[in-house]
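In: Pasting the sequence and the predicted model now:
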Amino acid sequence: MPGRTSMRSSRTSNATDVSKATTTTRAKRGSKSTRTSAHAVEIPDEGPVTSLRTQICHIFSDAQKTTATQRKLVVNLRKVQEACCYEAPEPKKNTRPEEEFDETEFNEEIWRCMVRVLPVKKSEPAGDRIIRFLGVFLKHATEKDISMLQSDEDAPVPESPTSRLTAHVVTNLLQFLAAKDKVVRFRATQAVAHVINSLDQIDDDLFYQLRQTMGKRLRDKETNVRVQAALGLGRLGEGEEDENDDEDSDDDHAGGILTKLLDVMQNDQAAEVRRSILINLPFRTSTLSRLLERARDTDPAIRRALYSKILPVLGDFRHLSISHREKLLRWGLRDRDEHVRKAAALLFSTRWIEDCSKIPTSERVPNQVSPPNMDDLLELLERIEVVRAGQEDGIAHTAMHEFWDGRPDYVEFATFDDDYWNELTAESAFLVRSLNDYGQVTRDGRVQEMIEEKMPELVQFAFHVQTHMNALVTLVHEDFARGEPDEEAMDIIADKEFVVEQLLHMALTLDYADKIGRQQMYQIMREAIAQPALPEECTKLAVDVLRFVCGKQGESEFYGVVLEAIAEVRDTISDDDTVTVTDENGEESFHSAQSDVDDDDDATPRAKPRASKAEEDPDKAELKRIHAVVIYSKCLHIVQCMLQNLECDIDASEPLKTMLNTLIIPAVRDSATIIRERGLIGLGLCMLLSENLAANNIPLFYRCFAAGTELMKITAVHTFADIAITHPALLAPPPRETNVSEDGSVVALAVNPNVKNFTKVFLKAFASESPAISIAACTAASKLLLHGTLPPASTLPILRKFTLAYFNPESALNPALRQQLSYFLPVFCHSKLKNAHTMSQVAVPVIKDLISMREDIDPEDEEMVGWPVICAHLSEWTDGTKVVGATELSLEGKMVSVKGAEEPHLHLAIEILQRVAQCTREERKPLLSLLSKIHIPTSAPTKRSVDAIEEEQLRALHALVSEAVEGNHGTDATTRNMLSKLEAGLTKRLGEFEHVAQIKDEDASSEAEATEVEGATAAAQDAPTDAENETEAEVDDAASEAQNTEVSDAEEATVMQTQARGRASRQSAPVVYTSDVEMKDEDEDEDDTMLAHMQAEGTRIPLDYEDTMDVDEEANDTPRATRTAVTESDIMNELLESELE
């Protein structure tokens, strides 16, 4: 086909002009209702049908059915376009000339088909197929035009028929982006977005028009429209410069495309919109931080998309800052959603390790990981700054656990020879420690054995520990001798300290069955503890390893060795410097520390000797004093580590008593703040080992909390909580004998003063301005409330303060406190029924306090959560059915609540209605809103007996609800209807109670009557009267008379005998009415034994006495179920009839 444009003059299209069509559409749409999508787009008169229209309609009709044949249909439509837009070749001879059409008619026919897609709803897949077909066609046609019209690759792209078709279709679609019908707006926006994403280039004028029009759709009220607008603008933003172009923009939120997209991604409430922007947002330096923020998005799908789709294609992770790397790992690996955690682990174990690979990119196999390489793994650990991220609460531990779990090839490849152990760095030490920890927790026995084989023997490991520990001490001494701070030297010391820490952590997991290795490790740890230059963290781990080596039975040996090491550390100070520095004019509050032994010379603080004239210069004396304080602080730290590993009673150990009197008590009285703080910590640990010591020194901690430093206050708060849990007897109420006065009258039970003082301390600390003290008080009080240590009188105010702080917007400034409350409150309320009941007691006062708090808060600065959220939380926390163990599975397979599960909500409803009757209208609204969220069943739970307390509460609640309905306490129609429904439900519930109670009364009366009948029957059987004897004689006479009668008179004789026995039974005992079930059983027995006494066919004998008596009772007792009695005469008649036959 010739590659030249058509030279024919354009012909007038039979289709109506688009401007007229638009005008007609607007006029008709303005005059008619637009509620349905079918009438949202009016199709004008399009003239006669042509062959071009028929051909194009057939193509679009086939395209909407399936996407499988769209590629072929695109080629066919392209042929039609070329026939209309390019010069056709000369027709062959003897061929019929075809009808000719130009480019304008082709474009109009394409738009004619597209306009019919706009009213198609989203649920119809045909609309999506047509829009996809249009995008594929425009892309294919553009490539064909470029290949036909562009001769040079560097030359600009010329205008082509496809570009004009694109402009025509998009320009017409833009007119419908602001349509009133949401379906039309959605389809128009979807089509424009798809066209934008299908093309590589677009006209400048059309670009600015699209940016302005599509930018407005980002604020559309429909989520689907905003999603499509985000998809289109994301592609337009790729070609935008970093500067914002605000000219020629009348949008209220004028600015660049990226600025608008970032703002919507951060603030849009729809997760679909945020996710579409995240996936389509171009990677720029200015957008990187906003992209990484989506790792904390509320929607798990967005977080998963970031880790699985965005970060893997973002590029080399080493371009990110250390802070960004650490945050991405921490947020991803500790995410609540399992899929997000897996995506983050896969990113770390595959993508990031590939970025560290030394293999050139050209030599790597696509979609395949590189072979294991230890240098790559060590560089990966270096890139995440393992010295900081490898601390005990760091994310590097979780990252390496996921790495070993996801890369078993590295587990098999890792080898650790002697050179590796001798040249340990921070990264290599953490690597081997993480592999050792993975072997401790994995459940694969083969992997455990493999890792154990890679580790050295205990003797060799002890040698490596000693080597690196001596190197660390040497570096510390060199730095101290240098006298001047050196950053490079400090970094080297920090790395070596980290190496020693990792080795000591590994030592806590080893098997010490080897006696030689155990003795060697024992000696190394003892020497390490006695090293004053050893850092404190290493000293703590050394004490822990020594305790682990000594075993469970070697506690006395353990603290004996540690005390010897402490003595060696103190001996490093000269005799003159061993004097404890005290403050002669110190505060009296720190001089009341008491030990559990009598005061002696060692327990009294030593006085500082007066300075002589020959004293050394002040600078040297100051250095010695500082050195003495450092050594004393080191000794106290060793004591603290030792006490944390002890469980014995300090009163039964003389060495521990001596340590307390000579080291801890003087430290509490010392003037140096650091010594006093560490002495207070040590004294608190000693109090946990001795109840008498705790009782004597509690007042000291009160004074420390009142006048001490921040660390002292935190220590006091934690000590109070630990003492209350360890020694609950200190908080026990006084014995009941003390509640009786001298005159014998009973007085109120006395309250333990420690309980009252502890509660005051916790409340005061929780209200402190220091965030650290507030967090400490929240942690300590939470432990006591969960243990149930404090009585209800102390639990209520603490729980009330916690609940208020949770809803207080000021607590957002302390995220650690907010996080603790978010965990504690639901756990506390759902752990026990009594805890939920306690929360129901504070819910109403909390609402009252929140109303006052809301009035004091400035809405411009802070904003409190709405009442629906608050009421939903309180209703959830007071729901007894959600308490652990409050529901059980019945025999019918249904979940039923246990006894007492409804009491928290019943109590809360009673308190709400009592408060509603006397509160203001402002307070009544949230109270009734909370009442509407309370669940009170209208029927009693099955398989459960009626509780008297529950019934009493329901009756009290019913009375209050009736009073509220009569008093018109509802604030609006909704609350009034709610009160009416609640009243009706309670009425029904109480009716069931009355029915059950009536059944119980009837059962009780029946049992009483049955007991009386049994007693009367027994008396009648034991003492027969003369009347019974006479009756028996009459019965015998009647029986003999009946025997002498003929067969025809048998029925009359039987009746006489029955009457005689009936008179006897009425004279001997009262009539006993049995139940229907019992009568049925008796009838069945009667039927089974009816012929038991028959001897022969012709024998005529009377029935037994008991059978006759039963027949008489059945005939005379009307309440019982009656049936036809079978007599002996009937039986004989049947036998005779059978013989005659």
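Out: That came through fine.
In: what residues go with each domain of the chain?
Out: 285-359+372-415, 416-576, 881-1004 (the TED database).
In: could those domains go into JSON lines alongside distance to V75?
Out: Every residue, glycine included, has its C-beta placed from N, CA and C. Listed next are the domains of the chain as JSON lines, based on distance: least, Cβ to Cβ, whole Å:
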{"stretch": "domain 285-359+372-415", "distance to V75": "33"}
{"stretch": "domain 416-576", "distance to V75": "56"}
{"stretch": "domain 881-1004", "distance to V75": "62"}
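In: Name the stretch from the ones you listed where average model confidence is lowest.
Out: Mean pLDDT is lowest for domain 881-1004 out of those, coming in at a mean of 77.
In: roughly how far out does it sit from the chain middle?
Out: Distance of domain 881-1004 from the chain centroid (Cα atoms, centre = their mean, to the nearest Å) equals 30 Å.
In: Equivalent analysis for stretch 75-84, please.
Out: Stretch 75-84 sits 59 Å away from the centroid of its parent chain (Cα atoms, centre = their mean).
In: And that stretch, what's buried?
Out: 76-78, 80-84 (16 or more other Cβ atoms under 10 Å).
In: hang on, the earlier thing: could the domains of the chain go into JSON lines alongside distance to V842 and mean neighbour count?
Out: Listed next are the domains of the chain as JSON lines, based on distance: least, Cβ to Cβ, whole Å; neighbours: other Cβ atoms under 10 Å:
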{"stretch": "domain 285-359+372-415", "distance to V842": "29", "mean neighbour count": "18"}
{"stretch": "domain 416-576", "distance to V842": "41", "mean neighbour count": "17"}
{"stretch": "domain 881-1004", "distance to V842": "10", "mean neighbour count": "16"}
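In: Ok, which of these comes nearest S147?
Out: Nearest of the domains of the chain to S147, taken as Cβ to Cβ: domain 285-359+372-415 at 30.2 Å.
In: Give me the distance between the two termini of the closest one.
Out: Domain 285-359+372-415 stretches 41 Å from its first residue to its last (Cα to Cα, to the nearest Å).
In: Going by distance to K848, which of the buried residues of stretch 75-84 wins?
Out: Looking across those and measuring by Cβ to Cβ, the closest to K848 is L77, at 72.5 Å.
In: what sits against that closest one?
Out: 56, 59, 137 (Cβ atoms under 8 Å, 6 or more residues apart in numbering).
In: now it: how far from T171?
Out: 20 Å (Cβ to Cβ, to the nearest Å).
In: Name all residues that make contact with I681.
Out: I681 neighbours (Cβ under 8 Å, 6+ apart): 636, 640, 715.
In: Which stretches in the protein count as strands?
Out: For the chain, the strands defined by DSSP state E occupy 887-889, 895-897.
In: Tabulate those (CSV), appending distance to S852.
Out: Shown next, in CSV, are those (distance: least, Cβ to Cβ, whole Å):
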stretch, distance to S852
strand 887-889, 37
strand 895-897, 36
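In: Quick check: the gap between the closest residue to I910 other than its chain neighbours and R924.
Out: Leaving aside its chain neighbours, I910 sits nearest to L957 (5.4 Å; criterion: Cβ to Cβ, 6 or more residues apart in numbering). For L957, the distance to R924 (Cβ to Cβ) stands at 17 Å.
In: do E555 as well
Out: 63 Å.
In: In helices, which of the contacts of I681 appear?
Out: In this view, the contacts of I681 that belong to helices under DSSP state H are 636, 640, 715.
In: show me the contacts for the closest residue to the first one other than its chain neighbours.
Out: The one in question is L636. Excluding its sequence neighbours, the residue lying closest to L636 (Cβ to Cβ, 6+ apart) is R678, at 4.0 Å. Contact analysis of R678 by Cβ under 8 Å, 6+ apart lists 633, 636-637, 640, 667.
In: Please convert those to a markdown table, extending it with pLDDT.
Out: Formatted as a markdown table, the contacts of R678 follow (pLDDT from 0 to 100):
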| residue | pLDDT |
| --- | --- |
| S633 | 93 |
| L636 | 94 |
| H637 | 95 |
| Q640 | 95 |
| A667 | 94 |
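In: neighbour-wise, which of those residues leads?
Out: A667 (28 neighbours; other Cβ atoms under 10 Å).
In: how near is that residue to T673?
Out: In terms of Cβ to Cβ, A667 sits 11 Å off from T673.
In: got it, and K72?
Out: Distance, K72 to T673, by Cβ to Cβ: 86 Å.
In: Also I714?
Out: For I714, the distance to T673 - Cβ to Cβ - is 14 Å.
In: can you check N752 too?
Out: Where T673 is concerned, N752 sits at a distance of 33 Å (Cβ to Cβ).
In: What's the end-to-end length of stretch 303-321?
Out: Using Cα to Cα, the two ends of stretch 303-321 sit 20 Å apart.
In: List just the nearest of the contacts of R678 to P904.
Out: Nearest to P904 among those, with distances taken as Cβ to Cβ, is Q640, at 43.2 Å.
In: Can you tell me what sits against stretch 273-288?
Out: Stretch 273-288 is contacted from outside by 223, 226-227, 230-231, 234-235, 237-238, 242, 258, 261-262, 264-265, 268, 290-291, 294, 297, 299, 301-302, 305-306, 309-310, 314-315, using Cβ under 8 Å, 6+ apart.
In: Pull out the buried residues from that stretch.
Out: Applying 16+ other Cβ under 10 Å to stretch 273-288 flags 273-278, 280-282, 287 as buried.
In: Which one's more surrounded, I714 and T673?
Out: I714 (23 against 12).
In: Can you verify my assumption that the more buried one contacts I773?
Out: Yes - counting by Cβ atoms under 8 Å, I714 does reach I773; the two are 6.0 Å apart.
In: so what's I131 up against?
Out: By Cβ under 8 Å, 6+ apart, the contact set of I131 is 117, 187, 190-191, 194.
In: Correction: the previous question concerned F176.
Out: With Cβ under 8 Å, 6+ apart, F176 has these contacts: 41, 118, 184-185, 187-188.
In: Quickly note the distance from the closest residue in space to it that isn't next to it in sequence to P734.
Out: The shortest distance from F176 to any non-neighbouring residue, by Cβ to Cβ, 6+ apart, is to A188 (4.0 Å). Look at A188 and P734: by Cβ to Cβ, they are 81 Å apart.
In: Who has more neighbours out of those two?
Out: Applying other Cβ under 10 Å to A188 and P734 shows that A188 carries more neighbours, namely 29 against 12.
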